[in-house]
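J.: Provided below are the primary sequence and the corresponding predicted coordinates.
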Amino acid sequence: MKIIIDAMGGDNAPLEIVRGVLNAAKARPGLELVLVGREGEVRAAAEQCGGLPAGVSVVNATEVIDMHDDPATAFKVKKDSSITVGLNLLKAGEGDAFVSAGSTGALLSAGTLLVKRVRGIRRAAMAPAIPTAGGRAVLIDCGANAECSVEYLVQFAYLGSFHAARVLGIENPRVGLLNIGSEDSKGDQLRRDTYQILKAAGEAGHLNFIGNIEAKEAMKGGCDVIVADGFSGNVMLKTIEGVGSFMGRELKGMFLKSLGTKVAALLVKDGLRAFKDRLDPDTVGATPFLGLTKPVLKAHGASGARAMENAVYQAVAAAEADVAGDIAAHIDLMRLDQ
């Protein structure tokens, strides 16, 4: 298994990216890991972390796509950027997955045009696994497609279902359409039309569609795949992250109020640590772009070493799962132009 990593993407590149990758290499000695970036800077960062271990190599890329570049065209203008070089390596079969903490828009544009979408898929979608009372659920889309058609949402339902089954190991995942109510008459025309098609797919046995679902019910574990347009999904995701951060600060303040609460904190520290880990995006590491022919994953822009290490593991899981194979095999079920 060979994973290609953009060493120059994100706020903490290259040092924290390299540190995380080297930690992954030490934890899983059989992995082949390729760091793509300005070779001198990457090797200098590696030296600060104890040097490059066996199985880790560096591919030189002299340019970096930053926040000031046009995400739609940056990979074409900066042909020797770490994102462009890394994705071309993936396209050429010189790796099994690609991870970057760089520009989301540039990664999506480059992934779509270089790695390509599975034939018949209209748009690639971001699909993070979010914490719920039932464990985890796939939220698709969460920002790649702010405006969607019925066909996009129908395809997202299938993409999320395949991902939940293959990567998260959820048998017969329950698919819900994010809406403002559970009744089939709720929502705008887009949601109402999508509901009818997903309902028919459920009745035909193609999907385990449970109907519309409100955000609060989704967080209670009401479904395993939450289908949304990128705008609504992103609002939901950022709300979850914000509430998690707020609750963490409030709990910390509460337990530090007095000697008694500090003692109580010691008694429940293991549970608190587990709770914090469930809400920490660093635990997940990276979000896949589903619908592409090969795994391309986006790590958080502020990723540190722990997040990048987990991103590598996510990339391995995505490559082993071969969700793209499932998508290609069932594409006829997802097309509305037949």
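T.: Here it is on my side, so go on.
J.: Let me see the contact set for residue 304.
T.: Residues in contact with residue 304, defined by C-beta atoms under 8 Å, 6 or more residues apart in numbering, are 12, 16, 20, 282. For the C-beta atoms, the positions are set from N, CA and C on the backbone; glycine is no exception.
J.: my read: the third one touches residue 313, true?
T.: Put plainly, it is residue 20. No: if you go by C-beta atoms under 8 Å, residue 20 and residue 313 don't touch, sitting 10.4 Å apart.
J.: Between these two, tell me which one has more neighbours.
T.: residue 20 (28 against 17; other C-beta atoms under 10 Å).
J.: Please, which helix or strand holds the more buried one?
T.: helix 15-27 (DSSP states H and E).
J.: which helices and strands does that helix pack with?
T.: Helix 15-27 sits against strand 2-6, strand 32-37, helix 39-48, strand 56-60, helix 305-321, with contacts defined as 3 or more C-beta pairs under 8 Å, 6 or more residues apart in numbering; DSSP states H and E.
J.: and it, how far from the chain's centre?
T.: Computed by C-alpha atoms, centre = their mean, to the nearest Å, the chain-centroid distance of helix 15-27 equals 19 Å.
J.: mean confidence score for it?
T.: For helix 15-27, mean pLDDT rounds to 96.
J.: Stretch 146-159 too?
T.: Averaging pLDDT along stretch 146-159 gives 96.
J.: ok, and what's touching it?
T.: 121-123, 125, 127, 140-141, 145, 175, 177, 190, 193-194, 197-198, 201, 206-207, 209, 225, 227-231, 234, 290-291, 323, 327, 330, 333-337.
J.: Just the buried residues from these, in ChimeraX please.
T.: To isolate the buried subset of the contacts of stretch 146-159 in ChimeraX, counting by 16 or more other C-beta atoms under 10 Å, use the following:
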select :121,122,123,125,127,140,141,145,175,177,194,197,198,201,206,207,209,225,227,228,229,230,234,290,291,323,327,334
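J.: What is the neighbour count of residue 92?
T.: Residue 92: 9 neighbours (other C-beta under 10 Å).
J.: Return the backbone torsion pair for residue 99.
T.: phi -130, psi 140 (degrees, to the nearest 10).
J.: same check, this time on residue 64
T.: Here residue 64 shows phi and psi, under degrees, to the nearest 10, equal to phi -130, psi 130.
J.: For the closest residue to it other than its chain neighbours, list the residues it contacts.
T.: In space, not counting the residues next to it along the chain, residue 64 is nearest to residue 8; the distance is 4.6 Å by C-beta to C-beta, 6 or more residues apart in numbering. Shown in contact with residue 8 (C-beta under 8 Å, 6+ apart): 14, 17, 36, 37, 38, 41, 61, 64, 81, 82, 102.
J.: Helix or strand: which one has residue 8?
T.: Using DSSP H and E, residue 8 falls outside every helix and strand.
J.: now do the one 5 residues further on
T.: Taking DSSP H and E as the definition, one finds residue 13 inside no helix or strand.
J.: need the contact list for it.
T.: Residue 13 makes contacts with 6, 7, 37, 101, 102, as judged by C-beta under 8 Å, 6+ apart.
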